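Student: I'd like to go over a predicted model; first the sequence, then the structure.
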Amino acid sequence: MARSMTGFARVSAALGGETITIEVSSVNHRFLDSSVRLPGQWAMVEPALRAVIKKHLSRGKINIFVRHGRGAGMTLPVRLDPERARQYIGAAKEIMHLMRSTDALSLNTLITLDGVMTTIEEEPDTDEIERVLCAALENALEQLNEMRSHEGNALTSALTMHLESLEAAMQEVEEQAPTLVAAYQERLRSRMEEINAEVGVKEERLALEVAVMAERMDVTEELVRLKAHIEHAREIISMDGAIGRDLNFLTQEIQREVNTLGAKLRGVDTCRNIIEMKSEVEKFREQLQNIE
């Protein structure tokens, strides 16, 4: 099943006394380009997270944000440094004496001074952090791919519709081609007969020129290749996995055949159909840019 490259997912998980939230968003990109933003103390698990990304995605610009916060009522132990407090108090008394002031250092001010009161943080469990974050990311990427698959269904329906319109215009060109070639041959023969009447040209020369022009206007090979490309595109669209690159290369081949048809056939109705074919190819290409 084809997938879009656009999507979003958010997952929360518990890590000790904390709640972590992982947000994943993706947009279209030619290759897989991932950006992972982690709290600084968890930077060591980034390689593991990138490995998870590669397992689930093959193309797209991926942005991953990891946030964390402590649960309600969760507090860290507090430690008092008595020696640091005594130093601040002694320094405050000395300043009071120098300035002959009666303003004493208050308790509220003292406990805010650097180093007097500190929180005690436990040493992080790297293995547990990696396990929880990777599991949460797996969940988020599964949700992301579910959204991308849903959008991918809509995109493949649009691609199929453009192929059908392209094929319909091609069939009209195929029906018109023999008439165009015959009419052009007749005009060329008439014109060369006029020239022959004036300057004299051998009949063999006339026949050769008509045959050469008929060969140049023959679009049988282009139509056969174009039909094969359209059928191949349908096969790729029905496949699972990443199909964007294959379709992109095939679209270039389709465009080449349509351009050749336009160069060889110049009838008014045919030109209209060629323009329509080029338009459908361009619409197909635009929709294709968001397919993984």
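Tutor: Great, that's in hand. Numbering: from 1, shown residues only.

Student: from here on, just use CA atoms for contacts and neighbour counts.
Tutor: Fine.

Student: just for the stretch 151-292 of the chain, where's the confidence low?
Tutor: For the stretch 151-292 of the chain, the stretches with pLDDT under 70 are 181, 183-185, 187-189, 191-217, 268.

Student: just the helices in it please.
Tutor: 203-217, 220-237, 244-264, 268-288 (DSSP state H, counting those that start in this stretch).

Student: ok, which of those helices comes nearest Asp125?
Tutor: helix 244-264 (40.9 Å; C-alpha to C-alpha).

Student: quick revisit: between the helices of the stretch 151-292 of the chain, which gets nearest to Arg30?
Tutor: So among those, helix 244-264 is nearest, using C-alpha to C-alpha, at 8.3 Å.

Student: who does the strand or helix carrying Asp33 pair up with?
Tutor: Taking DSSP states H and E as the criterion, Asp33 maps to strand 32-37. The strands beside strand 32-37 in its sheet (DSSP bridges) come out as strand 60-70 (parallel).

Student: how many residues are close by Val78?
Tutor: Residues lying near Val78 (other C-alpha atoms under 10 Å) number 10.

Student: look up how far Glu94 lies from the residue lying farthest from the centre of the chain.
Tutor: No residue in the chain sits farther from the centre than Arg100, which is 71.4 Å out by C-alpha atoms, centre = their mean. According to C-alpha to C-alpha, to the nearest Å, Arg100 stands 10 Å off from Glu94.

Student: for Leu155, same thing?
Tutor: When Leu155 is compared with Glu94 (using C-alpha to C-alpha), they lie 77 Å apart.

Student: cool, and Arg59?
Tutor: 67 Å.

Student: which of the two has more neighbours?
Tutor: Arg59 (24 against 12).

Student: redo the helices of the stretch 151-292 of the chain as a markdown table? Include distance to Ser34.
Tutor: Compiled in a markdown table, the helices of the stretch 151-292 of the chain are given as follows (distance: least, C-alpha to C-alpha, whole Å):
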| stretch | distance to Ser34 |
| --- | --- |
| helix 203-217 | 50 |
| helix 220-237 | 26 |
| helix 244-264 | 18 |
| helix 268-288 | 21 |
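
Student: spatially nearest residue to Ala169, not counting backbone neighbours?
Tutor: Among residues not flanking Ala169 along the chain, Asn273 sits closest, at 5.5 Å (C-alpha to C-alpha, 6 or more residues apart in numbering).

Student: and for Glu253?
Tutor: His229 is the one closest to Glu253 (C-alpha to C-alpha, 6+ apart), at 7.6 Å.

Student: run a quick check on the one you found versus Leu250, I expect a contact.
Tutor: Yes - counting by C-alpha atoms under 8 Å, His229 does reach Leu250; the two are 6.9 Å apart.

Student: select, out of the helices of the stretch 151-292 of the chain, the one closest to Pro39.
Tutor: helix 244-264 (34.2 Å).

Student: report the buried residues of that closest one.
Tutor: The neighbour-count check on helix 244-264 (16 or more other C-alpha atoms under 10 Å) flags 244-245, 247-248, 250-251, 254-255, 257-259, 261-262 as buried.

Student: same for that helix, what does it pack against?
Tutor: Under the contact definition 3 or more C-alpha pairs under 8 Å, 6 or more residues apart in numbering; DSSP states H and E, helix 244-264 sits against helix 220-237, helix 268-288.

Student: return the most buried member of these.
Tutor: helix 268-288 (a mean of 18; mean count of other C-alpha atoms under 10 Å).
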